[in-house]
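J.: I'd like to go over a predicted model; first the sequence, then the structure.
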Amino acid sequence: MRDAAEMMTAVTTARLNRELDERECKRRNALSQTSPGYVLRAGDVGTVVETFGPGEAFLVEFSKNGKAAKGECDWMGVLYPTEIELASSPEKG
């Protein structure tokens, strides 16, 4: 298993292909608390935290407006290749 944290030169991002409504966000959120009314929209970009199998699934975190304090996010859950588009970008140090 290889995760984005192990990639020293790039951060892998995931652009969502479809909307996850409030109910689905709450159901699929791996965090202990879910913000009321939180939805993910097609085009939202999150950070891949971990990859399962050879690209079979991805643990992805999203933050409101794409900004959060280091180590914090608003939503984290498993997404599948049909739900996201992956991209790598240079790591910001």
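T.: In hand now; what should we look at?
J.: residue contacts, the residue most central in space within the chain?
T.: Centroid-nearest residue in the chain: residue 60, 2.4 Å away (criterion: C-alpha atoms, centre = their mean). Taking C-beta atoms under 8 Å, 6 or more residues apart in numbering, we find residue 60 in contact with 14, 46-49, 76-79, 84. Bear in mind the C-beta positions are built from the backbone N, C-alpha and C, glycine included.
J.: Ramachandran angles for it?
T.: Reported as degrees, to the nearest 10, the phi and psi values for residue 60 are phi -120, psi 140.
J.: Residue 18 versus that one, what's the distance?
T.: From residue 60 across to residue 18, the span is 13 Å (C-beta to C-beta, to the nearest Å).
J.: Kindly report the same for residue 53.
T.: Residue 53 sits at a distance of 22 Å from residue 18 (criterion: C-beta to C-beta).
J.: In terms of neighbours, single out the busier of these two.
T.: Counted by other C-beta atoms under 10 Å, residue 53 and residue 18 do not tie: residue 18 has more neighbours, with 13 against 8.
J.: I'd say residue 81 and residue 55 touch.
T.: Yes. Residue 81 is in contact with residue 55 according to C-beta atoms under 8 Å; the separation is 6.3 Å.
J.: So which residues of this protein form helices?
T.: For the chain, the helices defined by DSSP state H cover 22-28.
J.: which other helices and strands contact the worst-scoring helix or strand of the chain on mean pLDDT?
T.: Ranking every helix and strand in the chain by mean pLDDT, DSSP states H and E puts strand 84-90 at the bottom, with a mean of 87. Applying 3 or more C-beta pairs under 8 Å, 6 or more residues apart in numbering; DSSP states H and E, we find strand 84-90 packed against strand 10-16, strand 57-62.
J.: Next, format those strands as a markdown table and append distance to residue 31 and mean pLDDT.
T.: Below are these laid out as a markdown table (distance: least, C-beta to C-beta, whole Å; pLDDT from 0 to 100):
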| stretch | distance to residue 31 | mean pLDDT |
| --- | --- | --- |
| strand 10-16 | 17 | 90 |
| strand 57-62 | 9 | 96 |
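J.: Thanks a lot, see you next time.
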